[in-house]
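Enquirer: Okay, here's the prediction I keep looking at, along with the sequence it came from:
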Amino acid sequence: MIKYKHEPFTDFSVEENKQAYLEALNKVESQLGADYPLIIGGERITTEDKIVSYNPAKKTEVIGSVSKASKDLAEKAMQEADKAFKSWKKVKPEIRADVLFKAATIIRRRKHEFSAWLTKEAGKPWNEADADTAEAIDFLEYYGRQMLEMKDGRKVESRPNEYNRYDYIPLGIGIVISPWNFPFAIMAGTTVAAVVTGNTVLLKPASTTPVVAYKFIEVLEEAGLPKGVVNFVPGSGAEVGDYLVDHPKTRFISFTGSRDVGLRINERASKLSPGQIWIKRVIAEMGGKDTIVVDKDADLELAAQSIVKSAFGFSGQKCSACSRVVIVKDVYDQVVNRVEELTNALTIGDPTDNANFMATVIDAAAFKKISEYIEIGKTEGRLVAGGTADDSVGYFVHPTVFADVNPEARIMKEEIFGPVVAITKADTFEEAIDIANNTEYGLTGAVITNDRMNLEYAREEFHVGNLYFNRGCTGAIVGYQPFGGFNMSGTDSKAGGPDYLTLHMQAKTTSETF
Ligand SMILES: NC(=O)c1ccc[n+]([C@@H]2O[C@H](COP(=O)([O-])OP(=O)(O)OC[C@H]3O[C@@H](n4cnc5c(N)ncnc54)[C@H](O)[C@@H]3O)[C@@H](O)[C@H]2O)c1
Ligand SMILES: N[C@@H](CCC=O)C(=O)O
């Protein structure tokens, strides 16, 4: 077995790679507007009611129409997942892992095609789409290998005339609920973590990005996944989501999304349904309000570059995005001025054109919410860049920077999930870290400093799940920087980390006396 190594990113300055991506975009464009069914127990089921997926950069362009699960169909999927669990849980871990390795190979062969779907369906610029696809491959390769490491359980001690074992066994039926912002990587990673550990799954992808999820289920089928192990049930969060979360046969819920929905799921999952014989396990990865702290003794160009890239990559629509900056007063003006220059130089436009650094936000609701926050920002800080938006063709919000913002301001504390960053000043490095900690979230953060003692201070005091030094705060790599946050950012489940699979299993001790 080749040692795990993360999937390299594509260099689009190489003409061959550029041409390959353009060809993939053409291929995807020729397939737009198709109908996609539900997949329940391997059966394709088409419903009258549809979720229509649109291109956020061309509002009226239909990416695809996906059948929408009702409660009855969700119940049918639950029965199929229950049936499939009886056999899938007995399939050897090595065989389950092989399905993941084969799926990774299939995706690697069609890498640009998958990324092109992300460009069209989620509005991802080329490099962002490429990173999303690479991360999906990484999850498959990494979790497959993790399962092989855990297949014989963990070592425990035995005494004379005694044989003790500690084995991991699957949990049961998992509900996987995924977000639209990493519509491939997070959807695929959360699904296959559940599958490789021997569980069966009902996958409810985000309603704005169901087509790429369907394409992934096709890959799993091609890789040999038996019918009913993953059931594809897109639907309304409120209707199908609640029904599945409440269901007595649901053993665990793997959710990635907003704080409010995560808390709702956590609360509902804690209530016992008639016939339920376990405590449901909830894995919840939620929002962020992530800070970059700039010290007085720092590489200021690195600081400004890191802020702009982390704030505006994929239009700030990452839970890890830098949405607040705290700068020590000595270098405040210099950094703010450079952030302004860099922001004004960003190129914005349709993501199919690789010349554009940034494209749209995901849909009309996001456009409205972010535009409202920009208006709030105008009353809470000094507008330094951006502040405008245009939804005439697609949902374009211009990269926006507010300076001189009070640490208690709304734009400093609430997750905006768009290309808006708020900057504030601190007297000292210690005060900067206090301000950085001053939110209910605790997902990512970064510190830019050349002062070793201040780095060590931040290592202890900056309370976030993913803390980065002298770089931006986005872009965790599977197996290298396991990802997940503290406080209202979720259950710190650390996707892409060595403990992640254990969340999908239960440990069984057996002790035999001879
Ligand atoms: N911590 C992480 O790893 C991580 C990663 C990506 C995104 N996020 C967070 O996700 C959010 C953006 O994603 P989003 O807009 O898709 O989030 P969202 O919470 O609106 O939706 C996430 C998923 O939950 C579903 N859903 C909605 N209501 C539901 C209900 N009542 N029951 C069950 N499911 C329901 C949605 O249909 C979707 O599939 C941001 O807050 C971002 O920070 C966190
Ligand atoms: N894992 C991604 C963020 C996922 C949430 O949106 C990162 O590290 O940037």
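Expert: Yep, that arrived. Ligands and ions are numbered 1, 2, ... in the order given.
Enquirer: How about the residues of this protein by ligand 1?
Expert: By C-beta under 6 Å from any ligand atom, the residues of the chain that approach ligand 1 are 177-182, 186, 204, 206-207, 237-238, 241-242, 245, 256-258, 261, 264-265, 285-288, 319, 415, 417, 443, 485, 489-490. Where C-beta positions appear, they are placed from N, C-alpha and C, glycine not excepted.
Enquirer: filter the residues you listed by proximity to ligand 2?
Expert: Asn181, Phe182, Cys319.
Enquirer: you'd agree Ser158 is up against Thr509?
Expert: No: with contact defined as C-beta atoms under 8 Å, Ser158 does not count as touching Thr509 (11.5 Å).
Enquirer: Give the intersection of the neighbour lists for those two.
Expert: Asn164 (C-beta atoms under 8 Å, 6 or more residues apart in numbering).
Enquirer: Give the next helix or strand downstream of the lengthiest helix in the chain.
Expert: In the chain, with assignment by DSSP state H, the single longest helix is helix 126-150. Sequence order places strand 162-170 as the next helix or strand after helix 126-150, per DSSP states H and E.
Enquirer: Tell me which residues are up against that following strand.
Expert: By C-beta under 8 Å, 6+ apart, strand 162-170 touches 85, 88-89, 150, 152-158, 197-199, 502, 504-514.
Enquirer: quick one on the thing from earlier: weed out the non-buried ones from the residues of the chain next to ligand 1.
Expert: The neighbour count (16 or more other C-beta atoms under 10 Å) marks 177-182, 186, 204, 206-207, 237, 241-242, 245, 256-257, 261, 264-265, 285-288, 319, 415, 417, 443, 485, 489-490 as buried among the residues of the chain next to ligand 1.
Enquirer: for the ones next to ligand 2 among the residues of the chain next to ligand 1, which one is nearest ligand 2?
Expert: Minimum distance to ligand 2 across these is 3.6 Å, recorded for Cys319 (C-beta to the nearest ligand atom).
Enquirer: Report the buried residues of the helix or strand hosting Phe101.
Expert: For Phe101, the element it lies in under DSSP H and E is helix 93-109. Neighbour-count burial for helix 93-109, counted by 16+ other C-beta under 10 Å, picks out Pro93, Arg96, Ala97, Asp98, Val99, Leu100, Phe101, Lys102, Ala103, Ala104, Ile106, Ile107.
Enquirer: One more: stretch 382-400?
Expert: 384-387, 389, 391, 394-400.
Enquirer: try stretch 163-175
Expert: Quick answer for stretch 163-175 (16+ other C-beta under 10 Å): Tyr168, Pro170, Leu171, Gly172, Ile173, Gly174, Ile175.
Enquirer: Without its sequence neighbours, what residue ends up closest to the third one?
Expert: In space, Leu171 comes closest to Arg251 once its chain neighbours are excluded; the distance is 4.6 Å by C-beta to C-beta, 6 or more residues apart in numbering.
Enquirer: mind listing the strands for the stretch 351-500 of the chain?
Expert: 382-385, 389-390, 396-397, 400-403, 420-426, 441-442, 444-448, 466-469, 486-487 (DSSP state E, counting those that start in this stretch).
Enquirer: List the contacts of the third one.
Expert: Judged by C-beta under 8 Å, 6+ apart, the contacts made with strand 396-397 from elsewhere in the structure are 57, 315, 348-349, 359-361, 367, 370-371, 374, 386, 389-390, 418-420.
Enquirer: how about 7 Å then?
Expert: The set of residues external to strand 396-397 that reach it, using C-beta atoms under 7 Å, 6 or more residues apart in numbering, is Ser315, Ile348, Thr360, Val361, Phe367, Ile370, Ser371, Ala389, Asp390, Gly418, Pro419.
Enquirer: Also the fifth one?
Expert: Contacts of strand 420-426 from elsewhere in the structure, counted by C-beta under 7 Å, 6+ apart, are 307, 311, 316, 322-329, 332, 336, 370, 373-374, 377, 381, 400-403, 405-407, 409, 411-412, 432, 435.
Enquirer: which of these are buried?
Expert: With burial judged by 16+ other C-beta under 10 Å, the buried subset of the contacts of strand 420-426 is 307, 311, 316, 322-328, 332, 336, 370, 373-374, 377, 381, 400-403, 405, 407, 409, 411-412, 432, 435.
Enquirer: Am I right that Leu148 is in contact with Ala97?
Expert: Yes: between Leu148 and Ala97 there is a contact at 5.5 Å, judged by C-beta atoms under 7 Å.
Enquirer: I'd assumed the residue nearest to Leu171 was in a strand, is it?
Expert: Yes: according to DSSP: H, G, I helix; E, B strand; the rest coil, Arg251 belongs to a strand.
Enquirer: burial measure for it, as a count.
Expert: Residues near Arg251, counting by other C-beta atoms under 10 Å, number 24.
Enquirer: looking at this, Asp72 is in a helix?
Expert: Yes: secondary structure of Asp72 (three-state DSSP): part of a helix.
Enquirer: Okay, now the unreliable bits of this structure?
Expert: By pLDDT under 70, the chain has no low-scoring segment.
Enquirer: Stretch 392-408: end-to-end distance?
Expert: 34 Å (C-alpha to C-alpha, to the nearest Å).
Enquirer: from now on call the first residue 192
Expert: In the new count, where the first residue is 192, that last one comes out as stretch 583-599.
Enquirer: How far off centre is that stretch?
Expert: Remark: stretch 583-599 is offset 22 Å from the chain centroid, using C-alpha atoms, centre = their mean, to the nearest Å.
Enquirer: Ser680 and Gly636 touch, don't they?
Expert: No: between Ser680 and Gly636 there is no contact under C-beta under 7 Å: 10.9 Å.
Enquirer: what residues does the stretch 292-441 of the chain put near ligand 2?
Expert: Asn372, Phe373.
Enquirer: Now with 8 Å, please.
Expert: Counting by C-beta under 8 Å from any ligand atom, the residues of the stretch 292-441 of the chain close to ligand 2 are Glu326, Pro370, Asn372, Phe373, Ala376, Ile377.
Enquirer: Among those residues, list the two that are farthest apart in space.
Expert: Between any two of these, the greatest separation by C-beta to C-beta is 13.5 Å, found for Glu326 and Pro370.
Enquirer: Neighbour-wise, give me the winner out of the contacts of strand 587-588.
Expert: Compared across the contacts of strand 587-588, Ser506 has the highest neighbour count, 33 neighbours, by other C-beta under 10 Å.
Enquirer: what about the residue lying closest to Glu319 once chain neighbours are set aside, how many neighbours?
Expert: Counting by C-beta to C-beta, 6+ apart, Phe505 is the residue found nearest to Glu319 once chain neighbours are left out, at 4.6 Å. If you count neighbours by other C-beta under 10 Å, Phe505 ends up with 26.
Enquirer: what's the spacing between Phe505 and Lys559?
Expert: 19 Å (C-beta to C-beta, to the nearest Å).
Enquirer: TSV for the strands of the stretch 542-691 of the chain, including distance to Gly419?
Expert: What follows is the strands of the stretch 542-691 of the chain, written out as TSV (distance: least, C-beta to C-beta, whole Å):
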stretch	distance to Gly419
strand 573-576	52
strand 580-581	45
strand 587-588	42
strand 591-594	47
strand 611-617	44
strand 632-633	37
strand 635-639	37
strand 657-660	36
strand 677-678	37
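Enquirer: any chance of the ones you listed in JSON lines, with distance to ligand 2 too?
Expert: Output for the strands of the stretch 542-691 of the chain, formatted as JSON lines (distance: least, C-beta to the nearest ligand atom, whole Å):
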{"stretch": "strand 573-576", "distance to ligand 2": "22"}
{"stretch": "strand 580-581", "distance to ligand 2": "21"}
{"stretch": "strand 587-588", "distance to ligand 2": "17"}
{"stretch": "strand 591-594", "distance to ligand 2": "19"}
{"stretch": "strand 611-617", "distance to ligand 2": "15"}
{"stretch": "strand 632-633", "distance to ligand 2": "12"}
{"stretch": "strand 635-639", "distance to ligand 2": "7"}
{"stretch": "strand 657-660", "distance to ligand 2": "7"}
{"stretch": "strand 677-678", "distance to ligand 2": "15"}
